[in-house]
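Chemist: just coords:
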DNA sequence: GCGCGACTCTATAACGTTATACAGACGATG
DNA sequence: CATCGTCTGTATAACGTTATAGAGTCGCGC
C-alpha cells in the first residue's frame, strides 16, 4: 500500500535523492539510472506522498474556491470551470461554502485553512473593504464578484453598473416604463446589490424615467423563494410594475413563478430580466432574458492569477479585471416578434 | 506567519512534547504548565500544521465527495448537506468532479488522491461491480447512488425499483395509459437507469399496461438538453405518450420545455414525473411532480459511515442502506382538483 | 602527469508534528 | 531506609519528501 521513495530506491539500487530527482526532473539524471528508476516506479506503483512533499516544499497544490452558496447554479457552473482549469495547471481545487455567513468569510480570510491551502479565491458577500484590508498577510487571495474594491488583491468582476444599464436600456427599448428592481439588501454599501441598484437608478435617469423607491424590493437572500416573495409584494402594490430587473437569475425565476401563479402574462404584462445566464433560464417557461457574464473567463482568470501569485512568477501590482458580459434576449422580455 | 510548536515551546519555556500534549490533550499535563502553554498559544496565534500532523499520524482530516456532475442541483444540494455534516465531525469535505468519465472514476477508485484523502464517497455512473471489486484496498470507500451492488463497501441508495413503481402507480392512478420513460442508457446493466427502467416495466405490468419499447427513450447524459431532445423524439412518434417518467428532475424539466414549445398542455395532454426533488422543480411552470429522496439522510449517513470506517470504531460488515423516498405531487401531474 | 571543470550520483539535514522511551521528584509502602 | 509506583515533564526518533553540500569519475587541456 504505502510505497515510498525509499522502496523505489532499494529496488532500483540508487539513493533516495536520485529517485526524487527522477520523479521531479529537478536535476539531470543519467539515462541508464533514469530508466531503472522509472521501471521501479511503474512496477511498484509509486505516487508521491503529497503531505510530506508539502511539508518540505511549503506548498500543498491545493487551492480553494469559497462561494456563498454551493447550490446556486451560477457558482456550480463557475466551479466546474475553475476545477478543470486548476487541474490543467497541476492544482487541485477544493470548494468551500461560506453559506453567506460573515464569520465563515472572516475565518477564511484569517487563514483558517492556511496550512492546507496554497491560495484562496473568495466571493465575499458579507464583508467589506475594511475586513479585507485588515487581513494579516497570508496565502495569496483573489476576489471574485463585486463586493469589495480598492484592496491590495487581484479582483475579477463584471461591471455591475454597466450591466444594470444594459438591462434597463433593453427594458426601456421594448417600451417599459415602470421598472422594478428585486434584490436590494438592507446593509452593505459596496456590495454588488448596491451597485446593481446604482446602475438601475442611473439608467432610469438616462432614459428620463423617474426613480420610484417603492419599486425597489429588498430580499434577505438571493434565491428563488426570495424572488417569489418580493414579486408578490410588488404585485400587491396599487400600481404594479410592467417590468422587473432581478439581482440574479434565481431571483428572477422566483419572480417569474409569482407572476405565473398570480395570473400575469410574461412578458405581456410584466417583462423580466435576470443576471447570471444559468442553464435553468434557458429551459424555464418563459425562457429568461439575462445578463450573461463570461463565466469561463472569470473562472479561468481567477485560477490563473491565483496560481501565478502562488508561484511568484508574477509579483506585479494587484489588478482589478472587469470581464465582459452580454445581454441574452429570451422570451421573458419578448422575442424578436413581440 | 508560520508559528510552530517550537515557537510556543520557547515562549512558554517547556519542551516541544509538552506543548503537543497540551494542544492534543493526549497526555495529562500539570495545571500550571498547561496554563502557561495555553497562554503562549493564544498570544502567538498558533494553529497546527495539518500537513505535518498528517505525515506523522497518517491522516489528513480530508474526505472527498466525487459526483458525476457538479452542476446538477441534486448533487449540489447533497454536497451542501455532506459538507456541514463533515464539518460537524471535524473533517473537511472536498468535492471532486468525475464528469461522468469512466477514467476519472477508475482513477479515484485506484487511489489517485490516496495521500490527500482519508476516505471517499463516490457516486459511480460508468463503472460497475467488477471495477469496484478489483480495487486494490485503499482508503475507506462509501458508495452512493444506485450503480453497483454486492460489493464489500458501504452503500447508500434509494430503492430505484420501488421508486419507479411509485411514480408509475401515480400516473396510472390519474388515468394515464401510454406512459413513456426518458433516460435509458445504452450500456450498463446494473446502472440506476437500468433499474429505473426495470421498475417502470414491472409497474406497467402490475397495472395491466403493455410495455412498448418505443416509449423508452435513450439519452447520452441526464441534463435538461437531453430531456428536451428525447421528448421531441417521443412527440414525433405517430402516437405520442400521455405521460412521461424521467430519469431525474433535470431530464423532466427538459421534457417539460419541449412539451411547452410544441404547444402541448401539461398535465392535460402529457403528465410528467421526475426524480430528485430539486428546488428548481418547485418553481418551474408547471411545477414538477417528483420522487423525493431523503437527501439529508443520504448525505449525513454517507459522511458518518465513512468517518466511522476511517476512525475504525466500526469494523462491522459493509452495509447497504436504502433510504426512504416519497412522491411529491405538483402541477405536472395535476393538483388536487384535476 | 596534474589540475580542473563537467557530469552523476549520494549523504544528510531539514520541514512540523506525534509516539515512545526515559528521567527526576515525591510520597507512600515494606 | 531501600523500594516501588505515580505524576510531570523531556529527549529523540520517526513520518516521506526535497535542497544543499559534497564525493567520485571521467575526459581534456596544459
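Modeler: That came through fine. Computed from a prediction, not measured in an experiment: that's the story for all the values here.
Chemist: who touches the residue of the stretch 201-338 of chain A at minimum distance from DNA strand D in this structure?
Modeler: Closest approach between the stretch 201-338 of chain A and DNA strand D, counting by Cβ to the nearest atom of the strand: residue A:311, at 12.3 Å. Any C-beta I mention is one placed from the backbone N, CA and C, and that applies to glycine too. Residue A:311 sits next to no residue when contact means Cβ atoms under 8 Å, 6 or more residues apart in numbering or on different chains.
Chemist: And residue A:60, by the same measure?
Modeler: So residue A:60 contacts A:50, A:54, A:115-118, B:51 (Cβ under 8 Å, 6+ apart).
Chemist: Can you name the residues of the stretch 51-200 of chain A that neighbour chain B?
Modeler: With Cβ under 8 Å from any Cβ of the partner chain as the criterion, the stretch 51-200 of chain A meets chain B at residues A:51-52, A:54-55, A:60, A:62, A:69-71, A:73, A:76-77, A:79-80, A:83-84, A:92, A:94-95, A:97, A:112-116, A:137-138.
Chemist: Of the residues you listed, keep whichever come out buried.
Modeler: A:51-52, A:54-55, A:60, A:62, A:69-71, A:73, A:76-77, A:79-80, A:83-84, A:92, A:94-95, A:97, A:113-116, A:138 (16 or more other Cβ atoms under 10 Å in any protein chain shown).
Chemist: how about JSON lines for the contacts of residue A:60, with secondary structure, pLDDT and distance to residue A:203 added?
Modeler: As requested, the contacts of residue A:60 are exported to JSON lines (DSSP: H, G, I helix; E, B strand; the rest coil; pLDDT from 0 to 100; distance: Cβ to Cβ, whole Å):
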{"residue": "A:50", "secondary structure": "helix", "pLDDT": "84", "distance to residue A:203": "50"}
{"residue": "A:54", "secondary structure": "helix", "pLDDT": "85", "distance to residue A:203": "50"}
{"residue": "A:115", "secondary structure": "coil", "pLDDT": "81", "distance to residue A:203": "47"}
{"residue": "A:116", "secondary structure": "coil", "pLDDT": "83", "distance to residue A:203": "44"}
{"residue": "A:117", "secondary structure": "coil", "pLDDT": "88", "distance to residue A:203": "40"}
{"residue": "A:118", "secondary structure": "coil", "pLDDT": "91", "distance to residue A:203": "41"}
{"residue": "B:51", "secondary structure": "helix", "pLDDT": "84", "distance to residue A:203": "51"}
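Chemist: returning to that earlier point: among the residues of the stretch 51-200 of chain A next to chain B, which are in strands?
Modeler: Under the assignment DSSP state E, these contribute A:62, A:92, A:94-95, A:97 to strands.
Chemist: possible to save those as CSV with pLDDT and distance to residue B:236?
Modeler: Shown next, in CSV, are those (pLDDT from 0 to 100; distance: Cβ to Cβ, whole Å):
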residue, pLDDT, distance to residue B:236
A:62, 89, 49
A:92, 88, 45
A:94, 88, 45
A:95, 87, 41
A:97, 88, 43
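Chemist: Which members of these additionally contact DNA strand D?
Modeler: Taking Cβ under 7 Å from any atom of the strand as the test, DNA strand D is in contact with none of those.
Chemist: and of those residues, the nearest to residue A:39?
Modeler: Closest to residue A:39 out of these is residue A:92 (27.9 Å), distances taken as Cβ to Cβ.
Chemist: got any ranges where chain A has weak pLDDT?
Modeler: By pLDDT under 70, the low-scoring segments of chain A are A:1, A:136-137, A:147-148, A:186-193, A:313-315, A:335-338.
Chemist: Tell me where it has helices.
Modeler: Counting by DSSP state H, one finds helices in chain A at the ranges A:5-12, A:16-24, A:31-44, A:50-57, A:73-88, A:102-110, A:129-133, A:160-173, A:192-206, A:224-236, A:249-261, A:280-283, A:295-311.
Chemist: what's the angle between the longest one and strand A:92-97?
Modeler: For the pair helix A:295-311 and strand A:92-97, the angle between their directions (axes from the mean of the first three to the mean of the last three Cα atoms, to 10 degrees) equals 110 degrees.
Chemist: for helix A:295-311, the distance to its chain's centre please.
Modeler: Distance of helix A:295-311 from the chain centroid (Cα atoms, centre = their mean, to the nearest Å) equals 12 Å.
Chemist: ditto for the shortest one
Modeler: On the basis of Cα atoms, centre = their mean, helix A:280-283 is displaced by 19 Å from the centre of the chain it belongs to.
Chemist: Most tightly packed of the helices of chain A?
Modeler: Neighbour counts (mean count of other Cβ atoms under 10 Å in any protein chain shown) averaged over each of the helices of chain A peak at helix A:249-261, with a mean of 27.
Chemist: Can you work out which other helices and strands pack against it?
Modeler: helix A:73-88, strand A:179-184, helix A:224-236, strand A:243-246, strand A:271-275, helix A:280-283, helix B:280-283 (3 or more Cβ pairs under 8 Å, 6 or more residues apart in numbering or on different chains; DSSP states H and E).
Chemist: Number of residues surrounding residue A:184?
Modeler: Residues within reach of residue A:184, counting by other Cβ atoms under 10 Å in any protein chain shown, total 19.
Chemist: and if you look at residue A:265?
Modeler: Count around residue A:265 with other Cβ under 10 Å applied: 10.
Chemist: how far away is it from chain B?
Modeler: Look at residue A:265 and chain B: by Cβ to the nearest Cβ, to the nearest Å, they are 12 Å apart.
Chemist: before we move on, the earlier item: let's have the helices and strands packed on helix A:249-261 in TSV, adding distance to DNA strand C.
Modeler: TSV is the format used below for the helices and strands packed on helix A:249-261 (distance: least, Cβ to the nearest atom of the strand, whole Å):
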stretch	distance to DNA strand C
helix A:73-88	24
strand A:179-184	44
helix A:224-236	43
strand A:243-246	47
strand A:271-275	44
helix A:280-283	45
helix B:280-283	44
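Chemist: out of those, which comes closest to residue A:144?
Modeler: Smallest distance to residue A:144 across the helices and strands packed on helix A:249-261 (Cβ to Cβ): 8.0 Å, for helix A:73-88.
Chemist: And the contacts of the closest one?
Modeler: Contacts for helix A:73-88 (Cβ under 8 Å, 6+ apart): A:63, A:65, A:67-70, A:92-93, A:95, A:121, A:123, A:144, A:248-250, A:276, A:278-280, A:295-296, A:298-300, A:302-304, A:307, B:70-71, B:73, B:76, B:95, B:97.
Chemist: go on, stretch A:26-39?
Modeler: Counting by Cβ under 8 Å, 6+ apart, A:8, A:12-14, A:18-22 sit against stretch A:26-39.
Chemist: what about 6 Å?
Modeler: With Cβ atoms under 6 Å, 6 or more residues apart in numbering or on different chains as the contact definition, stretch A:26-39 has outside contacts at A:12, A:14, A:19, A:21-22.
Chemist: And chain A, what are its domain boundaries?
Modeler: If you go by automatic domain parsing, the domain ranges for chain A are A:5-48, A:62-158+A:295-323, A:160-294+A:327-333.
Chemist: For the second one, measure first residue to last.
Modeler: In other words, domain A:62-158+A:295-323. 25 Å (Cα to Cα, to the nearest Å).
Chemist: repeat for the last one
Modeler: Domain A:160-294+A:327-333 has an end-to-end distance of 20 Å (criterion: Cα to Cα).
Chemist: so how far is it off the chain centroid?
Modeler: On Cα atoms, centre = their mean, the centre of domain A:160-294+A:327-333 falls 20 Å from that of its chain.
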